[in-house]
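A.B. asks: Okay, here's the prediction I keep looking at, along with the sequence it came from:
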There are 2 protein chains.
Amino acid sequence: MTALDDHSVRPTVTTGPIAGSEKVHHEIHDPATGCVLRIPRRRVGLANGTHIDLYDTSGPYTDSTAAIDPRAGLPRTREAWAARREPVGGAATQLAWAKAGLITPEMRFVADREGMDPEAVRAEVALGRAVIPANRRHPESEPMAIGKRFLVKVNANIGNSAVSSSIEEEVEKMVWATRWGADTVMDLSTGQRIHETREWILRNSPVPVGTVPLYQALEKVKGDPARLSWEVYRDTVVEQAEQGVDYMTVHAGVLLRYVPLTARRVTGIVSRGGSIMAAWCLAHHRENFLYTHFEELCEILRGYDVTFSLGDGLRPGSIADANDEAQFAELRTLGELTHLARAHDVQVMVEGPGHVPLHKIAENVRLEEELCGEAPFYTLGPLATDIAPGYDHITSAIGAAQIAWHGTAMLCYVTPKEHLGLPDRDDVKTGVITYKLAAHAADLAKGHPRAQEWDDALSQARFEFRWRDQFHLALDPETAQAYHDETLPAEPAKTA
Amino acid sequence: MTALDDHSVRPTVTTGPIAGSEKVHHEIHDPATGCVLRIPRRRVGLANGTHIDLYDTSGPYTDSTAAIDPRAGLPRTREAWAARREPVGGAATQLAWAKAGLITPEMRFVADREGMDPEAVRAEVALGRAVIPANRRHPESEPMAIGKRFLVKVNANIGNSAVSSSIEEEVEKMVWATRWGADTVMDLSTGQRIHETREWILRNSPVPVGTVPLYQALEKVKGDPARLSWEVYRDTVVEQAEQGVDYMTVHAGVLLRYVPLTARRVTGIVSRGGSIMAAWCLAHHRENFLYTHFEELCEILRGYDVTFSLGDGLRPGSIADANDEAQFAELRTLGELTHLARAHDVQVMVEGPGHVPLHKIAENVRLEEELCGEAPFYTLGPLATDIAPGYDHITSAIGAAQIAWHGTAMLCYVTPKEHLGLPDRDDVKTGVITYKLAAHAADLAKGHPRAQEWDDALSQARFEFRWRDQFHLALDPETAQAYHDETLPAEPAKTA
């Protein structure tokens, strides 16, 4: 029996197209496998008879022709691709294939999605400047790339906790977040039934799923960091990799000697993973077992093509602590580990802060690129000020747009409840939409070939008073339309 | 009988301190006039027995000891100061006094508010790099400065329209906006009773009030731009200056020959004032009367110390139109007019866009500073993308933080209803708070001496789990507390 056979769990998920859009697929032939790839797009038809196709992350849930059954899971599309290819030098990873000059179906899929040349995608992956997180055990996912030459991506965190939420809620949160544009989700569950929750999410997720295996490992030792061990951690990683987790946050850069560097900070260590590993290091006065066993970890991840997301356990938790010695010492270690992972043909991205004032943001990207060989940078915000709890989706979107423009490849969303409580459904949507607009602002500034046509289509509709087109082209058509309806007459203004 | 004697108007306004704060005044002696200046501060007492004083814009309304009667208006504090000083070279303006080396009570008040040396304030005003908008007929206002060496300021637009709202609502909107931090308000009323609405606002406003006189002038000619004339406009300016308007947006840079430059834009002319003047110029095929009569306008404004806000009638209304020839042609003319106004001892600021992608923002500030002799730049956002109607407070806060960091002195807020409808009370608050956090992010990045202590106090409270202190230090204590209450137990977590 699998988790999905548990009939006490009855997920219901949001389905149907986004207002004014329809799901279409662009079909292309993959010469390497002979498979037909179906690349999803969100098509917005306009009143003037034209249409615009937008990048789409929402999977079959927004396809009015798709049959949705969370108990069955999504179609295992990538299995057919995997069956027709061979490892290179013992490694069956996108990085290994890219280095060998091979264009995988995943690369071709990504190239079409982004309007790029497949060879350019391969080259970026081969250089380690982009990753395609795609565990072979998660064949339900639609391939996507994270890298500075690509559209800026957004991650949404979901996951239950000790105090709230059910499996049903988490599955719906994943569907809901990807509906509004989340490019990946991280399942940060810490409460009951972690394994089962993750199984439901993975089998139903059209986007890559990330985790922090340390959280589940800690549950296994009853929440006492001192009782953690490499063995418990390793088994957890294998368990999660077997399930199909696409990328894992690993706090291997929190070295014993760095912990004292945080002593005089305003906000010490705020990363949960960072705190756990610092506690373990201090309890045993030994080096971080994630660091000392890093090459074993590489071997495990390589077996599934799980992507490393090297965690920034010592990231600043306040403006005062930004860009300090603790943060950059850890970043240097993450650079060392990046090169080690690549030598094992394992894909790597690197996590970043956090809380950083505007004038210190560029330095973060510059250093990360220098130290980590341009591995995709994946940052949480950063918040550009600490004074606005309740509005931290906005304080962080300001920093996020800035850091993405400078080259950050993926942004971890922040919801209005950050620092205050657990996000509900509305908060998840607000967080995702806020981060999508920040990411898009960066895409525009970076000159991504497909970015501005969207703005132009909407602005043209606005100038011509094509209200319906303006709503349908909006990142959030429902809110745009609702706000319009509140104060002005519904018709004919809307079609004027 | 004045407008405030009209007993059919019954304003009720929000009063009382912001949660966790008390209003205090720092009293200093002004040697030039012998007056005692009482500079307001919002004091937040902390659980550890210390306190922090924050910049306060809210006037007597948040002072639990003040008697509030909208019918009587606020105390006319600055009248006593004005009685004790003489014009210089015929001009009784902050600029004239500053050039003459005199430190006015307004400058001393501002210096204390910002933690600066009074002589530095005088020097900035003398250079035209800062303005203190303070019509002698608006003695109720608390002096404030707009300039790049000062804290970044935020303006909130209010005003009734043909379709909605009453005098009562507009007075409360002013009180409400300044409660949350608006440094100035602009009354953009276009509907009924424009004069009376403005009178109520001015007599009760603790912050400078701006207007666009063109809007009222247009009402006087029944909404037909072609029927406008210098005479109608001039009389409107005198009427508003007499009432006490502190700064006026004047679209004198929309020259006849610039109008064709907008023909191939995606969004043409989106500024209301710009459209009106362009229509007048085309209807008569004559040069903009605001340009041709500019020196007469200077003489009028000088008589009251009304500050020019040179309007950007040709600002871009979309990402596509940013930094185009029409926009920069007008900016060059605004530069010419800035120097002309200064020669008349009239204070000047210059308005800016609008819609600008991140990579084109810095150029706006650089050009404005070069062409307009570093006159304070006052921008609307800019929106960093067009694709998120319903979230344009955020798309624009991203641009606003960026442009303010580069040197913009005041930001005109944008609410979530921008492009869609008229803001209600919640939208006004959301707009103001969003812009205050964007302004503060810029203050931090610019290294304003008092900016970071606020972040540090809040972060310290957060790290020590002093929940109440964290709420009270928040830009919006109510929302921070409400979000916390939603998902976690109320006590003892909050005092843990």
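C.D. replies: Good, I have the coordinates.

A.B. asks: which residues touch residue A:245?
C.D. replies: Neighbour list for residue A:245: A:135, A:138, A:198, A:202, A:209, A:210, A:211, A:306 [criterion: CB atoms under 8 Å, 6 or more residues apart in numbering or on different chains]. Using the backbone N, CA and C atoms, a C-beta is placed for each residue, glycine as well.

A.B. asks: make that residue A:159, sorry
C.D. replies: A:170, A:186, A:187, A:188, A:189, A:190, A:197.

A.B. asks: Show the pLDDT at it.
C.D. replies: If you check residue A:159, the pLDDT there is 86.

A.B. asks: Same question for residue A:185.
C.D. replies: Looking at residue A:185, the pLDDT reads 98.

A.B. asks: Make JSON lines out of the contacts of residue A:159 and add neighbour count, distance to residue B:20 and secondary structure.
C.D. replies: Supplementary listing: the contacts of residue A:159 in JSON lines, determined by neighbours: other CB atoms under 10 Å in any protein chain shown; distance: CB to CB, whole Å; DSSP: H, G, I helix; E, B strand; the rest coil:
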{"residue": "A:170", "neighbour count": "22", "distance to residue B:20": "36", "secondary structure": "helix"}
{"residue": "A:186", "neighbour count": "23", "distance to residue B:20": "35", "secondary structure": "strand"}
{"residue": "A:187", "neighbour count": "26", "distance to residue B:20": "37", "secondary structure": "strand"}
{"residue": "A:188", "neighbour count": "18", "distance to residue B:20": "32", "secondary structure": "coil"}
{"residue": "A:189", "neighbour count": "25", "distance to residue B:20": "35", "secondary structure": "coil"}
{"residue": "A:190", "neighbour count": "17", "distance to residue B:20": "32", "secondary structure": "coil"}
{"residue": "A:197", "neighbour count": "25", "distance to residue B:20": "39", "secondary structure": "helix"}
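
A.B. asks: mind putting those in TSV, distance to residue B:372 included?
C.D. replies: Output for those, formatted as TSV (distance: CB to CB, whole Å):
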residue	distance to residue B:372
A:170	55
A:186	48
A:187	53
A:188	50
A:189	56
A:190	55
A:197	59
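
A.B. asks: Confidence-wise, which of those comes last?
C.D. replies: In terms of pLDDT, the lowest of the contacts of residue A:159 is residue A:190, showing 87.

A.B. asks: check contacts around that residue.
C.D. replies: With CB under 8 Å, 6+ apart, residue A:190 has these contacts: A:159, A:160, A:161, A:162, A:215, A:218, A:219.

A.B. asks: same thing but 7 Å
C.D. replies: A:159, A:161, A:162, A:215, A:219 (CB atoms under 7 Å, 6 or more residues apart in numbering or on different chains).

A.B. asks: Which ones among the residues you listed lie within strands?
C.D. replies: Per DSSP state E, strands hold no members of those.

A.B. asks: which of these count as buried?
C.D. replies: Buried members of the contacts of residue A:190, scored by 16 or more other CB atoms under 10 Å in any protein chain shown, are A:159, A:215, A:219.

A.B. asks: so which of the contacts of residue A:159 would you say is closest to residue B:66?
C.D. replies: Residue B:66 has its nearest neighbour among the contacts of residue A:159 in residue A:188, at 48.6 Å by CB to CB.

A.B. asks: Kindly tell me how buried the nearest residue to residue A:318 once chain neighbours are set aside is, as a neighbour count.
C.D. replies: Of all residues not flanking residue A:318 in the chain, residue B:459 sits nearest, at 3.4 Å (CB to CB, 6 or more residues apart in numbering or on different chains). If you count neighbours by other CB atoms under 10 Å in any protein chain shown, residue B:459 ends up with 26.

A.B. asks: Need the phi and psi values for residue B:459.
C.D. replies: phi -70, psi -40 (degrees, to the nearest 10).

A.B. asks: Same question for residue A:464.
C.D. replies: phi -90, psi 10.

A.B. asks: For the stretch 201-350 of chain A, what lies in contact range of chain B?
C.D. replies: Contacts of the stretch 201-350 of chain A with chain B, taken as CB under 7 Å from any CB of the partner chain, map to A:266, A:267, A:268, A:318, A:319, A:320.

A.B. asks: My guess is the second one contacts residue A:321. True?
C.D. replies: In other words, residue A:267. Yes. At 5.7 Å, residue A:267 counts as touching residue A:321 under the criterion of CB atoms under 7 Å.

A.B. asks: Point out where chain A drops to low pLDDT.
C.D. replies: Applying pLDDT under 70 to chain A flags residues A:1, A:162-165, A:486-496.

A.B. asks: which residues sit against stretch A:62-77?
C.D. replies: Contacts for stretch A:62-77 (CB under 7 Å, 6+ apart): A:4, A:11, A:13, A:15-18, A:23, A:59-61, A:139-140, A:171, A:179, A:203-204, A:206.

A.B. asks: can you give me the end-to-end distance of it?
C.D. replies: 17 Å (CA to CA, to the nearest Å).

A.B. asks: Any idea which residue of the stretch 151-300 of chain A lies closest to chain B?
C.D. replies: Closest residue of the stretch 151-300 of chain A to chain B, CB to the nearest CB: residue A:267 (4.4 Å).

A.B. asks: ok, the residue lying closest to that residue once chain neighbours are set aside - contacts?
C.D. replies: In space, and not counting its chain neighbours, residue A:267 is closest to residue A:317: 3.6 Å by CB to CB, 6+ apart. Applying CB under 7 Å, 6+ apart, we find residue A:317 in contact with A:267, A:270, A:354, A:355.

A.B. asks: Show only the entries of those found in strands.
C.D. replies: Per DSSP E, the subset of the contacts of residue A:317 in strands is empty.

A.B. asks: For those residues, name the two members farthest from one another.
C.D. replies: Of all pairs in those, the most separated under CB to CB is A:267 and A:354 at 9.9 Å.

A.B. asks: can the contacts of residue A:245 go into a markdown table with extra columns for secondary structure and neighbour count?
C.D. replies: Listed next are those as a markdown table, based on DSSP: H, G, I helix; E, B strand; the rest coil; neighbours: other CB atoms under 10 Å in any protein chain shown:
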| residue | secondary structure | neighbour count |
| --- | --- | --- |
| A:135 | coil | 26 |
| A:138 | coil | 25 |
| A:198 | helix | 25 |
| A:202 | helix | 26 |
| A:209 | strand | 26 |
| A:210 | strand | 25 |
| A:211 | strand | 29 |
| A:306 | coil | 30 |
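
A.B. asks: Quickly check those residues for the two that are furthest apart.
C.D. replies: A:198 and A:306 (13.5 Å).

A.B. asks: circling back to that earlier point, could you turn the buried ones of the contacts of stretch A:62-77 into a PyMOL selection?
C.D. replies: A single PyMOL command selects the buried members of the contacts of stretch A:62-77 (16+ other CB under 10 Å):
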select buried, chain A and resi 4+11+13+15+17+18+23+59+60+61+139+140+171+179+203+204+206
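
A.B. asks: What about the contacts of stretch A:62-77, which are in helices?
C.D. replies: Counting by DSSP state H, the part of the contacts of stretch A:62-77 found in helices is A:171, A:179, A:203, A:204.

A.B. asks: Quickly note the distance from the last one to residue A:198.
C.D. replies: With distances taken as CB to CB, to the nearest Å, residue A:204 is found 11 Å from residue A:198.

A.B. asks: List the residues that contact the residue of the stretch 201-350 of chain A at minimum distance from chain B.
C.D. replies: Closest residue of the stretch 201-350 of chain A to chain B, CB to the nearest CB: residue A:318 (3.4 Å). Contacts were defined as CB under 7 Å, 6+ apart; by that measure residue A:318 touches A:266, A:267, A:355, A:386, B:455, B:459.

A.B. asks: same thing but at 8 Å, please
C.D. replies: Counting by CB under 8 Å, 6+ apart, residue A:318 has contacts A:265, A:266, A:267, A:355, A:386, B:455, B:456, B:459, B:462, B:463.
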